[in-house]
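Participant: need a structure here:
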Amino acid sequence: MRPRQRLALLVLVVVVVAGAIVVLLGRSTEPSGPRRLAPGRGTTESTRDPFAYDADRRADFEARAAAGLSHVLYAKSPGGAVATAARVQKLRPTIEDVARRAHQDPDTLEAIVFLESAGRPDATASDDLQSAVGLTQILAQTATGLLGLKVDVAKSEQLTRRIARSQSFSRIARLEAQRRRVDERFDPRKALEATTRYIDFARDNLGGRDDLAVESYHMGVGNLQRALKAYGSGDVPYAQLFFDATPVRHAKAWSILAALGDDSSTYLWRIGAAKAIMKLSRDDPGALAEQAALEASPSGERVLRPAQATAAFADDDALRTEALAVVDGAALRPSRALAAQPAPRRALRPDALRLLRYLALGTREVGRTAPLTVTAATRSVAAENRDTRGAFGAETPPSTHTTGYAFDLSRRYRSPAQAQALQFWLDRLTALDVIRWTREPAVIHITVGPRAGELR
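Facilitator: Residues are numbered from 1 along each chain as shown. Next up, the predicted model:
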């Protein structure tokens, strides 16, 4: 499945007005050498990938994944991440006591609480209490069959309905106390203790690895064992399994992870994001509030390119005085409308263009499909202000397009394979903390972060 044509290079530089606009015109091959750029195939004797997993940098990959996948916690935590952190913090003494008795990490247990219930002991996944319930969202079958909790689902549901109908705070308190006795998943301490028993069970069945045990809390031990077996080893860090498995490398292991479809494969990274939020909540509440404000942008793209720290192009004259690279290349092409724009509006910052070309080549490498279509690149603040729509899609002007670090891709895909390949790369580059993206009706809007500089 290797491409027959290697990635095109910059072969022509054109100086325009006071600055320089670099135009990609060539279709030549890569510089001579033993390895070709092959996104997703890893760094081997014949291929290279600047974003391939490196065992010596495992901690960096884990930290990047936690940062890259943090947006959902800020966007979907009930009341917001700041309010959720405050609720969870109130449970810290109990969490620490339970973790100490179980010889486990209190920060991890706390992050599970943040992620599973947002610190709400009465949280339920649905009206059917056979489903996940309580502070750590335990299924009824798991509670009684594995974790030793007392659960009478019928009585629990009856009491839950009575609680919902009651108007008296004192009566609600009495009913909740009764429910905790018939369904111990609603008892915060007992739920936490059961969760530590699950982590012990999972660790014993996953080679003694803490990271695998925590990941299995959402994925399940059996699913994780299947993925590890397909990868070829049951004793590797989860970061290696996740980042080294792609549709073209350890494809069977990747397909098992991808088939779960409910964010199971990213659970450990979201646990890391929850840990980071809770640490900020304790150490620097002001910084957490600032981070939450940045994450309030679509996809949290302003985390990568904060408005106050990222220069924007005020007008089209400013575009012409900067060194920008015009969008073109073998694995991508401008839309007809974009091609009709002046060169500065068809251009990107060099790092953003390198990332776009990597994304396009990676999509072709995985999907074996035609080029991606780029519909928008850089525009000035003045151009956005003149636009009669005011806002551009989900973005709030001035958008990240005005910085030269954003572009849009058409959602009119050449084939289902192209759509699936692009989705893989959007998810992977997000987990690498390289991009943030949003899906709009006609386009995918992508903002490129500083880590794209690794492609230089």
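Participant: which residues does the residue nearest the centre of the chain contact?
Facilitator: Centroid check for the chain by Cα atoms, centre = their mean gives residue 69 as the closest residue, at 3.0 Å. Contact partners of residue 69, counting by Cβ atoms under 8 Å, 6 or more residues apart in numbering, are 266, 269-270, 273, 430-431. No exception for glycine: its C-beta is placed from N, CA and C like everyone else's.
Participant: again, only this time at 10 Å
Facilitator: Residues in contact with residue 69, defined by Cβ atoms under 10 Å, 6 or more residues apart in numbering, are 263, 266-270, 272-273, 427, 430-431, 433.
Participant: how about residue 202?
Facilitator: 209-210, 212-217, 219-221, 224.
Participant: over to the closest residue to it other than its chain neighbours: give its phi and psi.
Facilitator: Spatial nearest neighbour of residue 202, excluding adjacent residues (Cβ to Cβ, 6 or more residues apart in numbering): residue 213 at 3.9 Å. Backbone torsions of residue 213, given as degrees, to the nearest 10, read phi -60, psi -40.
Participant: wait, doesn't residue 213 sit right on residue 225?
Facilitator: No. If you go by Cβ atoms under 10 Å, residue 213 and residue 225 don't touch, sitting 12.0 Å apart.
Participant: and for the two, which residues touch both?
Facilitator: 205-207.
Participant: which of the residues you listed has the most neighbours?
Facilitator: residue 206 (22 neighbours; other Cβ atoms under 10 Å).
Participant: tell me the pLDDT at that residue?
Facilitator: At residue 206, the pLDDT value in this model is 96.
Participant: what values do phi and psi take at it?
Facilitator: Phi and psi for residue 206, reported as degrees, to the nearest 10, are phi -130, psi 50.
Participant: and the closest residue to it other than its chain neighbours, which of the three is it?
Facilitator: Closest residue to residue 206 apart from its sequence neighbours, by Cβ to Cβ, 6+ apart: residue 212 at 4.0 Å. Look at residue 212: counting by DSSP: H, G, I helix; E, B strand; the rest coil, its state is helix.
Participant: ok, now which ones touch residue 212?
Facilitator: For residue 212, the contact set (Cβ under 10 Å, 6+ apart) comprises 202-203, 205-206, 219, 221, 224-225, 228, 234-238, 241, 268.
Participant: which among these count as buried?
Facilitator: Buried by 16 or more other Cβ atoms under 10 Å: 202-203, 205-206, 219, 221, 224-225, 228, 234, 236-238, 241, 268, out of the contacts of residue 212.
Participant: quick one: least confident of these?
Facilitator: In terms of pLDDT, residue 234 ranks lowest among the buried ones among the contacts of residue 212, with 77.
Participant: my guess is it meets residue 221, correct?
Facilitator: No. Judged on Cβ under 10 Å, residue 234 makes no contact with residue 221 at a distance of 11.4 Å.
Participant: list residues touching both of the two?
Facilitator: 205-206, 212.
Participant: got a markdown table for those residues, with distance to residue 324 too?
Facilitator: Below are these laid out as a markdown table (distance: Cβ to Cβ, whole Å):
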| residue | distance to residue 324 |
| --- | --- |
| 205 | 54 |
| 206 | 49 |
| 212 | 45 |
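Participant: which parts of the stretch 101-250 of the chain are helices?
Facilitator: In the stretch 101-250 of the chain, the segments counted as helices under DSSP state H, counting those that start in this stretch are 106-117, 140-145, 153-165, 169-182, 188-205, 210-219, 221-231, 238-244.
Participant: export those helices as CSV, with columns for distance to residue 63.
Facilitator: Shown next, in CSV, are these (distance: least, Cβ to Cβ, whole Å):
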stretch, distance to residue 63
helix 106-117, 14
helix 140-145, 31
helix 153-165, 40
helix 169-182, 38
helix 188-205, 22
helix 210-219, 13
helix 221-231, 22
helix 238-244, 10
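Participant: and those helices: which comes nearest residue 39?
Facilitator: Between residue 39 and these, the shortest gap by Cβ to Cβ is with helix 238-244, which sits at 12.6 Å.
Participant: starting at the chain centroid, how far to the closest one?
Facilitator: The chain centre lies 15 Å from the centre of helix 238-244; the measure is Cα atoms, centre = their mean, to the nearest Å.
Participant: next, the angle from the next helix-or-strand element following it to helix 221-231.
Facilitator: Using DSSP states H and E, the helix or strand that follows helix 238-244 in sequence is helix 251-260. Taking axes from the mean of the first three to the mean of the last three Cα atoms, to 10 degrees, one finds helix 251-260 and helix 221-231 inclined to each other by 150 degrees.
Participant: check which residues of the helix or strand following helix 251-260 are buried.
Facilitator: Downstream of helix 251-260, the first helix or strand assigned by DSSP H and E is helix 267-283. Neighbour-count burial for helix 267-283, counted by 16+ other Cβ under 10 Å, picks out 267-281.
Participant: now the strands: where do they sit in the stretch 1-150 of the chain?
Facilitator: For the stretch 1-150 of the chain, the strands defined by DSSP state E, counting those that start in this stretch cover 12-16, 19-23, 36-37, 47-48.
Participant: direction included, what does the third one pair up with?
Facilitator: To tie it back to what came earlier, the one meant is strand 36-37. Paired with strand 36-37 in the same sheet, following DSSP bridges, are strand 47-48 (parallel).
Participant: what is the mean pLDDT for the strand it pairs with?
Facilitator: On average, the pLDDT along strand 47-48 is 92.
Participant: residues near the closest residue to residue 39 other than its chain neighbours, how many?
Facilitator: Leaving aside its chain neighbours, residue 39 sits nearest to residue 362 (3.3 Å; criterion: Cβ to Cβ, 6+ apart). Residues contacting residue 362 under the criterion other Cβ under 10 Å number 27.
Participant: many thanks, we can stop here.
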